[in-house]
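Trainee: Based on what follows, work out the 3D shape:
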Amino acid sequence: MTEAATATRAAPPGSPMTRVRYRVWALNFFACLINYGDRVALSVAAPFILDEFHFSPAIWGVILSSFFWTYSPFALVGGFMVDRVGVRRAYTICMLVWSLTIPLTAGAWNVGSFIVARLLFGMGEGPQAPISTKLTANWFPSRQTSTMLNFAQAGTTVGPIIATPVVVWICTTLGWRPAFIALGALGIVWCAVWWFVGRDKPADHPAVNTAENDYVVADHPSQEAEFTEEDGTGAGAGRLGRFWTLVRDRRIAALAIAFFAYSWVLFMFLTWYPTYLVDGRGVKKGDLGAIATYPWVAATAGLIVGGLVADRLIKRYKSFVTPRKWMIIGCLVAVAVCFGPSPFVKSPTVALVLVCVATFFLLASYQYQALIVALVPARYTGRMAGVIQMCSTIAGILAPIVTGWIVDVSGSFTAAFVLAAAITLAGAMATLILVREKGGDGAAPLAGGLDGPAGREGSRTDPQPAA
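Mentor: Below you'll find the model as predicted:
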């Protein structure tokens with residue numbers, strides 16, 4: 001019997017189910033919080049940094065984009081890493097790398113040094129999203145994936161809510177450089193706590209009893225189905241073949257396009273919105289700590305509501321796929337309707353409300369990784385989450401540069417907002433056209449990239465959602 005099989009302890013008759021999964025979830029939430037608190041820091045500090053260095057919008061756009069030059073490929077690296085070494089070690093490595101590299105920004109002295117610091121920082125943060133997805137898939141029932149993944153991802157919006165005023169305060173009182181050192185120290189503390197609390201899955205945790213483990217895995221695929229290779233080409237070749245079959249599937253392609261659209265708006269907002277408020281709306285730098293946090297509050301509400309609504313619809317319609325598909329389509333259309341027109345509105349208050357509504361629906365659309373959990377077998381979850389994460393972060397490379405170029409050429413942010421709205425509509429259209437369930441059952445899986453009976457056996461969507 002393996003160590004994993006013996007770690008979970010049997011509960012005495014009548015004893016309550018343990019709830020260790022919520023401790024693991026809490027640390028995932030705080031990792032997401034630190035992740036985006038660290039990531040938003042450069043954008044929040046931008047007005048202070050630009051006062052010192054006087055970079056042009058185009059050059060500053062390149063600096064903002066450089067983070068994603070490594071973040072994007074390392075999202076895919078992280079997917080392979082978490083499938084191979086497990087959640088516990090992968091998360092520790094990931095957090096350590098980004099926490100040790102973010103302070104390098106404080107030592108930057110020119111364009112090149114800023115870019116090098118951001119490249120190293122992106123290497124550390126890249127793997128986080130697929131690790132978070134794998135953790136949620138391992139530690140919660142499939143029917144709760146949207147809720148728990150979105151609740152954890154709420155840390156990515158709470159982080160900027162907390163970090164924005166804190167970074168502004170540090171910048172105005174101590175200067176912008178100490179902010180990056182403080183953020184790095186916070187991540188080191190998280191690593192120490194995580195190593196003692198986190199495990200790859202419930203069966204590995206000594207504090208989890210049998211009742212909790214059985215509750216979590218009840219609607220997960222069996223290990224036998226999950227690890228069976230049936231293409232007759234040998235174990236190693238079979239796994240590689242299935243991976244590329246999954247990558248080429250139209251539903252994965254649709255998720256990658258839609259996630260790219262989501263990320264274009266998110267990363268344009270993340271990197272340029274504070275500067276837009278100062279230069280385009282005349283907001284004083286000292287007031288950024290309050291005004292720039294309102295859209296993040298709306299985004300947090302969107303994540304929470306989106307996760308709850310998706311899982312409620314899943315229970316109602318008995319499908320892990322269709323409700324999430326329509327959540328993505330409807331929310332991306334709403335983003336386009338609100339985000340694109342916002343710079344045309346003369347009233348700063350109305351414009352801010354439109355951006356807040358847009359960020360609410362943007363984050364409510366965060367069903368992309370949950371659909372990966374629903375569509376692919378568990379052994380490929382990390383890798384396929386990494387694939388669509390990498391595709392989405394290409395938007396992080398392009399959006400800051402394109403936005404900076406538009407501002408340089410036109411002297412205005414208006415065209416950048418309109419472009420972002422058009423891209424979100426394209427993402428909604430791709431989801432509408434390409435994500436079609438075979439057989440009309442609303443939950444056709446992609447087990448090993450096959451839609452036949454053998455494929456369905458190993459899919460996470462095999463068990464129907466509990467009513």
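
Trainee: Test my guess that Ile304 contacts Asn150.
Mentor: Yes: using Cβ atoms under 8 Å, Ile304 makes contact with Asn150 at a distance of 6.5 Å. Placement of C-beta: from N, CA and C, glycine included.

Trainee: neighbour count winner among these two?
Mentor: Shown here are Ile304 and Asn150; by other Cβ atoms under 10 Å, Asn150 has more neighbours (26 against 18).

Trainee: So that one, which state does it fall into?
Mentor: helix (DSSP: H, G, I helix; E, B strand; the rest coil).

Trainee: got a list of what it touches?
Mentor: Applying Cβ atoms under 8 Å, 6 or more residues apart in numbering to Asn150 gives the contacts 303-304, 306-308, 310, 366, 370.

Trainee: Whichever of these end up buried, select them in ChimeraX.
Mentor: Selection of buried members from these for ChimeraX, criterion 16 or more other Cβ atoms under 10 Å:
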select :303,304,306,307,310,366,370
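
Trainee: Need the contacts of Asn150 in TSV (columns: distance to Val189, secondary structure and pLDDT).
Mentor: Rendered in TSV, the data for those read as follows (distance: Cβ to Cβ, whole Å; DSSP: H, G, I helix; E, B strand; the rest coil; pLDDT from 0 to 100):
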residue	distance to Val189	secondary structure	pLDDT
Leu303	25	helix	85
Ile304	26	helix	87
Gly306	30	helix	88
Gly307	27	helix	83
Leu308	31	helix	86
Ala310	33	helix	85
Tyr366	27	coil	86
Ala370	29	helix	79
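
Trainee: Switch the contacts of Asn150 over to TSV; also include distance to Thr136.
Mentor: Shown next, in TSV, are the contacts of Asn150 (distance: Cβ to Cβ, whole Å):
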residue	distance to Thr136
Leu303	13
Ile304	15
Gly306	15
Gly307	11
Leu308	15
Ala310	13
Tyr366	12
Ala370	8
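
Trainee: Show me the two of the contacts of Asn150 that sit farthest apart.
Mentor: Ile304 and Ala370 (14.0 Å; Cβ to Cβ).

Trainee: just to revisit the earlier point, which one among the contacts of Asn150 gets closest to Thr403?
Mentor: Nearest to Thr403 among those, with distances taken as Cβ to Cβ, is Tyr366, at 21.9 Å.

Trainee: Verify the contact between that closest one and Phe151 for me.
Mentor: No: if you go by Cβ under 8 Å, Tyr366 and Phe151 don't touch, sitting 10.9 Å apart.

Trainee: so which helix or strand takes in the residue nearest the centre of the chain?
Mentor: Nearest to the geometric centre of the chain sits Ala129, at 4.8 Å (Cα atoms, centre = their mean). Per DSSP states H and E: Ala129 is located in helix 128-139.

Trainee: what helices or strands is that helix leaning on?
Mentor: helix 20-53, helix 57-85, helix 87-101, helix 145-153, helix 368-375, helix 381-410 (3 or more Cβ pairs under 8 Å, 6 or more residues apart in numbering; DSSP states H and E).

Trainee: Can you spell out which helices and strands pack onto the second one?
Mentor: In terms of contacts (3+ Cβ pairs under 8 Å, 6+ apart), helix 57-85 is packed against helix 20-53, helix 87-101, helix 111-125, helix 128-139, helix 250-281, helix 381-410.

Trainee: So which bits of it are buried?
Mentor: In helix 57-85, the ones that count as buried by 16+ other Cβ under 10 Å are 57, 59-83.

Trainee: returning to that earlier point: please identify the deepest-packed of the helices and strands packed on helix 57-85.
Mentor: helix 128-139 (a mean of 28; mean count of other Cβ atoms under 10 Å).

Trainee: Can you name the residues in contact with stretch 64-76?
Mentor: Contacts for stretch 64-76 (Cβ under 8 Å, 6+ apart): 39, 42-43, 114-115, 118-127, 129-130, 267, 271-272, 383, 386-387, 389-390, 393-394, 396-401, 404.
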